[in-house]
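Participant: only geometry, no sequence info:
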């Protein structure tokens, strides 16, 4: 797969075509591109996370987390020479059975246009390509429907997502 | 921490003492030991998983999963020269923020004696020692109470565990 990949059109969501060329996205005066390169500007990522109101995290730890994620997907808006980070997602994995998706974010200015779904489809596509059969995530209540539309089920067969909290 | 570690007594479950010596566990004519060594006999692990009725998984993939887990904890029953694998758990992680626990198993002959809790306390202890703040897991309905007793909360703040299923 090429280093950069353009956004697949909304008419076929079954898989991404690794050989497709960059294509303009409808309603955008520019292009939406995906990358799996981890060598990104972590301050630009911090700005993106700031934009959606996430708590700041130490850059040093973010670097470690990215380094030890199984896949990292970034989404970019490009117009001419101008390129801007507008989305991010990553997944941890045992490289064999399970992957868990974390830190899914789309810049507010680019939300509501189906780009979050395209970002997640890219994540799913990459994990399936690596033969991961069990893709999981922990969704805030207000995005459960979003993930359901992508094929995720909450509490399938009664399985509960649980988090541990320190007893002090 | 030593390679082998004995089971901590039930009177103090706050933390494991890495310097403690092997100690007999009440009601057992032998010792219960923990290890983080990944170089285990995968056929012995398969036998353990068979004993609780799990579907068989390719040994090749189990090896990859263990290799790419952040921590692996095995629990052993030892009496004299005899040593038997009676428990297993592992966690994937980004080495910075999140860890997710998978494949928690205790042999049926050793269930109902608090050993599952000791195994999980060991997992939590190791993850906390690595400065992981977010420990998560996906629990089958019938073990939700078990994990609650260990400090895990189901759906905290409305967060839903979700799994992706192929659309075909």
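Facilitator: That came through, no problem. Everything quoted here is computed from the prediction, not taken from an experiment.

Participant: so residue A:87 makes contact with residue A:51?
Facilitator: No: Residue A:87 is beyond contact range of residue A:51, at 11.0 Å (criterion: C-beta atoms under 8 Å). (Glycine included, C-beta is placed from N, CA and C.)

Participant: now for the two: what residues contact both?
Facilitator: Common contacts of residue A:87 and residue A:51, defined by C-beta atoms under 8 Å, 6 or more residues apart in numbering or on different chains, comprise residue A:107.

Participant: in chain A, what residue is nearest chain B?
Facilitator: Taking C-beta to the nearest C-beta, chain B has its nearest neighbour within chain A at residue A:161, 2.1 Å off.

Participant: that residue contacts residue B:157, doesn't it?
Facilitator: No: assessed by C-beta under 8 Å, residue A:161 is found out of contact with residue B:157, at 11.3 Å.

Participant: same drill for these two, tell me which one is more crowded.
Facilitator: Taking other C-beta atoms under 10 Å in any protein chain shown, residue A:161 and residue B:157 do not tie; residue A:161 has more neighbours (26 against 8).

Participant: excluding chain neighbours, what is closest to the more buried one?
Facilitator: residue B:161 (2.1 Å; C-beta to C-beta, 6 or more residues apart in numbering or on different chains).

Participant: scan chain A for its longest strand.
Facilitator: The longest strand of chain A (DSSP state E) is strand A:82-93.

Participant: now do the very next helix or strand once past that strand and strand B:82-93, the angle between them.
Facilitator: Per DSSP states H and E, the first helix or strand lying C-terminal to strand A:82-93 is strand A:98-106. On the basis of axes from the mean of the first three to the mean of the last three C-alpha atoms, to 10 degrees, strand A:98-106 is oriented at 20 degrees to strand B:82-93.

Participant: direction included, what does strand A:98-106 pair up with?
Facilitator: With DSSP bridges as the test, strand A:98-106 is paired with strand A:82-93 (antiparallel), strand A:134-139 (parallel).

Participant: briefly note if the helix or strand that comes right after it comes near chain B.
Facilitator: Downstream of strand A:98-106, the next assigned helix or strand under DSSP H and E is helix A:115-129. Yes: under the criterion of C-beta under 8 Å from any C-beta of the partner chain, chain B is reached by helix A:115-129 at A:124, A:128.

Participant: no further queries at this time; thank you.
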